[in-house]
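# next one to model:
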Amino acid sequence: MIDTYIAELVRYALDKGLIAADDKVWAANRLLDALGLDRWEAPEPGAPRPLEDILKDILDWAVANGRIEDGVASRDLLDTELMGRLTPRPSEVRRDFWKRYAQSPEAATDWYYTFSQDTDYIRRYRIVKDMKWVTPTEYGDLDITVNLSKPEKDPRAIAAAKNAPQNAYPACQLCVENEGYAGRLDHPARQNHRLIPLTLDGQDWFFQYSPYVYYNEHCIVLNRRHVPMKIDRSTFRRQMDFLRRFPHYFLGSNADLPIVGGSILSHDHFQGGRYTFAMERAPVETPVCFPGYEDVQAGIVKWPMSVLRIRCEDPHRLVDLADRILAAWRSYSDPAAEIYAETKGEPHNTITPIARMRDGQFELDLVLRNNRTSERYPLGIFHPHQELHHIKKENIGLIEVMGLAVLPARLKGELAALGDVLVSGGDVRADEVLAKHGDWADDLREKYSFTAENVLPILQDEVGKVFAQVLEHAGVYKRTGEGRDAFLRFVESV
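Sure thing, here's the model as predicted:
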């Protein structure tokens, strides 16, 4: 059947426009080489099948015939190589992108996003496995996801990676050197990955999509050089440059300090896309005015984290004010609010900036962050506190700041098992895995009567409420009278 599978994959590439009719024999021979075959009978394939099914059959054949080990890492390396052999060269992709951009920015990104899925760089069939729901809160509807599309490494891959020689190429998973890279057990294959070059603030940057799309058209904009994250005036200029090119997208950056930053601080990058987050829908509840910037609308946003929103038709004025706010925050301390700019020479204050177009104006949300720790809160004072770690312990990065929870995959099984115990009336703490949810389960039992039908919707809704608390913990100014007064003291200092 391998001949049929190859024929199906060639036809898929032809149907998706990855190859032309003249490329069919060449493409088949490329696939034969990847599979270690030296001949092929070209059968007529039957009805078209989903790409996932075709690749699975080829990978099963490869395992059965000793071509690869049967593990997630090995299978991903081979199917990415197969798709890479059918993916057009970077120069062709860039030519097609800019040709469509001449029609409109939306035409270019629509094509590129579909292309990134058709090449299996974005694995559609994994993304749909993610658990997703919406929880209404006082801050609006929060998006909750349990991420299942990023595969867990199997033990053999982990062991092999540990014993393999250390390889510093590419330096990280965001480097441009990933384009076309064959991968290894400890680094994903990227033969089917293509980048679009951009110039932002006079420097070389690149545009791509995230392979794990947490929201619609989740893109990454990365520095050509492998340099650490840094929030400064040029950050805001780059965001404005990007919005001029792609006004239908937002563009945000993780903070540049540990704890309050994202998972990759070693490579300067942004994340963006075409999606409306709860934070964007949140209104300004306290208008403010910065002297000398009366032409810039400004205010404190009704949000669990501490957000200043500024808006203006002139992007240069927005950059000037954002830079002034950032400089003021970097050096700002307020002991009454537990805010210290530095301790023992270590800086603590930074900003998570998010830029977008709204009603023809440039808009920046500046989220104030502080990464100080204490004996009571060793993982961070403005970080999810210990009582919430059963749901969320990881850093609160850009995506979650805006109101989309990316929760660990373990919760899928834990919520299902917890639901069974709650319905049966069993002892949550008797289960080693579920014990961490014990206090939470006790509170839920006081609020609800559980049945097999209602337990999962209730748990999902309550997880969303926990996420709202997570964001409250991460806010440097609490939503109390004292917190609002402290926030306004900082505004006055600017």
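
# give me the neighbour count for residue 317.
Residue 317: 15 surrounding residues under other Cβ atoms under 10 Å. Every residue, glycine included, has its C-beta placed from N, CA and C.

# quickly find the element holding it.
helix 315-330 (DSSP states H and E).

# same question for residue 240.
helix 233-245.

# now that helix, how far from the centre of its chain.
20 Å (Cα atoms, centre = their mean, to the nearest Å).

# got it, and stretch 101-118?
Mean-position distance between stretch 101-118 and its chain equals 20 Å (Cα atoms, centre = their mean).

# all strands for the stretch 201-350 of the chain, in order.
Taking DSSP state E, counting those that start in this stretch, the strands of the stretch 201-350 of the chain run over residues 203-209, 219-223, 250-252, 269-273, 284-288, 297-301, 307-312, 342-343, 346-347, 349-358.

# other SSEs contacting the longest one?
Contacts of strand 349-358 with other secondary structure elements, assessed using 3 or more Cβ pairs under 8 Å, 6 or more residues apart in numbering; DSSP states H and E, are made with helix 233-245, strand 250-252, helix 278-281, helix 315-330, strand 361-370, helix 398-401.

# can you give me the angle that strand makes with strand 307-312?
40 degrees (axes from the mean of the first three to the mean of the last three Cα atoms, to 10 degrees).

# pull out the buried positions in strand 349-358.
349-357 (16 or more other Cβ atoms under 10 Å).

# what pairs with that strand, parallel or antiparallel?
strand 250-252 (antiparallel), strand 361-370 (antiparallel) (DSSP bridges).

# kindly report the same for the first one.
According to DSSP bridges, strand 203-209 has the following sheet partners: strand 196-200 (antiparallel), strand 219-223 (antiparallel).

# average pLDDT for that strand?
Strand 203-209 carries an average pLDDT of 98.

# ok, residues contacting that strand?
If you take Cβ atoms under 8 Å, 6 or more residues apart in numbering as the criterion, strand 203-209 is touched by 112-113, 116, 121-122, 176, 193-199, 217-225, 238.

# now find how far off-centre it is within its chain.
With Cα atoms, centre = their mean, you get 16 Å for strand 203-209.

# got the angle for it vs strand 269-273?
Using the same axes, to 10 degrees: strand 203-209 against strand 269-273 is 40 degrees.

# now strand 203-209: buried residues?
205-209.

# still on that earlier bit, who touches the helix holding residue 317?
231-233, 236-237, 240, 243-244, 290, 293, 295-296, 298, 308, 310-312, 341, 347, 349-351, 353, 362, 364, 366, 368, 490, 493-494.

# run through this structure and note the low-pLDDT ranges.
150-167 (pLDDT under 70).

# can you give the domain ranges for it?
Listed domain ranges for the chain are 2-67, 228-330+342-378 (source: automatic domain parsing).

# how far does the longest one stretch from start to finish?
Put plainly, it is domain 228-330+342-378. 24 Å (Cα to Cα, to the nearest Å).

# closest to residue 88 out of the strands paired with strand 349-358?
Among the strands paired with strand 349-358, strand 250-252 comes nearest to residue 88, with 26.5 Å by Cβ to Cβ.

# residues in contact with that closest one: which ones?
221, 239, 242-243, 270-273, 275, 280, 352-356, 398, 402.

# any of those residues buried? List them.
Buried, going by 16+ other Cβ under 10 Å: 221, 239, 242-243, 270-273, 275, 280, 352-356, 398, 402, out of these.

# show me what counts as buried in the helix holding residue 317.
Applying 16+ other Cβ under 10 Å to helix 315-330 flags 315, 318-323, 325-326, 329-330 as buried.

# how about the strands of the stretch 351-494 of the chain, start to end?
With DSSP E, counting those that start in this stretch as the criterion, the stretch 351-494 of the chain has strands spanning 361-370, 404-407.

# out of these, the one nearest residue 480 is which?
strand 361-370 (16.1 Å).

# most packed of the strands of the stretch 351-494 of the chain?
strand 361-370 (a mean of 24; mean count of other Cβ atoms under 10 Å).

# now the strands for the stretch 1-150 of the chain?
Using DSSP E, counting those that start in this stretch, strands in the stretch 1-150 of the chain cover 131-137, 140-146.

# adding distance to residue 187 and mean neighbour count, write the ones you listed out as TSV.
Converted to TSV, these look like this (distance: least, Cβ to Cβ, whole Å; neighbours: other Cβ atoms under 10 Å):
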stretch	distance to residue 187	mean neighbour count
strand 131-137	27	16
strand 140-146	25	20
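
# does residue 196 really touch residue 100, like I thought?
No - counting by Cβ atoms under 8 Å, residue 196 stays clear of residue 100, with 11.0 Å between them.

# which one's more surrounded, the two?
For residue 196 versus residue 100, the count of surrounding residues by other Cβ under 10 Å is larger for residue 196: 20 against 17.

# partner residues bridging the more buried one?
Counting by DSSP bridges, residue 196 is bridged to residue 207.

# what separation is there between it and residue 171?
21 Å (Cβ to Cβ, to the nearest Å).

# redo the strands of the stretch 1-150 of the chain as TSV? Include distance to residue 84.
Converted to TSV, these look like this (distance: least, Cβ to Cβ, whole Å):
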stretch	distance to residue 84
strand 131-137	30
strand 140-146	28
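
# what's in contact with stretch 433-442?
So stretch 433-442 is contacted by 387, 389-391, 414, 417-418, 421-422, 428-429, 462, 466 (Cβ under 8 Å, 6+ apart).
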